[in-house]
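Participant: please find the sequence and the predicted model below.
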Amino acid sequence: EAGVAQSPRYKIIEKRQSVAFWCNPISGHATLYWYQQILGQGPKLLIQFQNNGVVDDSQLPKDRFSAERLKGVDSTLKIQPAKLEDSAVYLCASSLPRGGRTDTQYFGPGTRLTVL
Amino acid sequence: GEDVEQSLFLSVREGDSSVINCTYTDSSSTYLYWYKQEPGAGLQLLTYIFSNMDMKQDQRLTVLLNKKDKHLSLRIADTQTGDSAIYFCAELGGGSYIPTFGRGTSLIVHP
C-alpha cells in the first residue's frame, strides 16, 4: 500500500514570496490533515478536511495560509506571503474516518520550508 | 490550554531498556499516544492507551499511565540502534478528535 505522498520535500524562499505544498493521501482515506511542525516542537494542526469539506481550520492563519482539497483527494496548502516564522516542516496526514478517537493518522514525510 | 511536557533527550546503551516520560495537564484526556519520528520521515503511531487503563504491553513496548499524576511513560526493552528517533507523546482531550503533541524526546542509542 502506498503511503501519503508530499512534494516538494524541501523548499527555500525569501520572505514575502509565495509557496505551495502538495499532498496525496492514501487511497480511500477520506480525512486529510495539514500540520505545522516548527523545529524542536510537536506538530500543530492547521486544517482538517473530510472529503472536500473543512472540518477544523481554527488554527490556520487565514490572512496568509489557504488550503483546498478539490475532488476530495489531493490537497494543496499555500502560504502567501511567507514570513520568517513560517519556517517549519509541513506534514500531511490521512486517515479512514471510522468515527472513533483512535482513527490512525498516517503521516507523509513532510515538506521542509525555509524562509530567508 | 492543554500542555504536554517531555524531556528533550535520552541516551542509552544498545541492549538496555529506555524509559521516555511525559506529563500532561488535561484531566479530561481520553486517549494517550506515542509516536515515533525517524529523520526525514513523518510520524508513525507506535501505540496508544485508553485513559481507564494503567498499562499496555506490545512486544518490546510497555506503556504505563498514572492518571492521578497525569504521567505517561514508554518503556522500550532491549533498545536497538534502529530505535534511535524522536518520540512524541500526545493526548486527546474529551470532545476533541485532534491530539495535542509534546515537543518530542530524542532517543540516542549508542553501542
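Facilitator: Nice, I can see it.

Participant: tell me where the chain has strands.
Facilitator: Because you didn't say which chain, this covers chain A. With strands called from DSSP state E, chain A shows them at A:5-7, A:10-13, A:19-24, A:31-37, A:44-50, A:53-56, A:65-68, A:75-79, A:88-95, A:106-107, A:111-115.

Participant: switch to chain B, that's the one I care about
Facilitator: Going by DSSP E, chain B shows strands at B:4-6, B:9-13, B:18-24, B:31-37, B:43-50, B:55-58, B:61-66, B:71-76, B:85-92, B:100-101, B:105-110.

Participant: which of those is buried the deepest?
Facilitator: Counting by mean count of other Cβ atoms under 10 Å in any protein chain shown, strand B:85-92 has the highest mean neighbour count of the strands of chain B, with a mean of 24. Just so you know, the C-beta spots here come from the backbone N, C-alpha and C atoms, and that holds for glycine as well.

Participant: what's the angle from it to strand B:105-110?
Facilitator: Here strand B:85-92 runs at an angle of 150 degrees relative to strand B:105-110 (axes from the mean of the first three to the mean of the last three Cα atoms, to 10 degrees).

Participant: mind giving me the packing neighbours of strand B:85-92?
Facilitator: Where contact means 3 or more Cβ pairs under 8 Å, 6 or more residues apart in numbering or on different chains; DSSP states H and E, strand B:85-92 is packed against strand B:4-6, strand B:18-24, strand B:31-37, strand B:71-76, strand B:100-101, strand B:105-110.

Participant: run the chain-centre distance for the third one.
Facilitator: In this case it means strand B:31-37. 5 Å (Cα atoms, centre = their mean, to the nearest Å).
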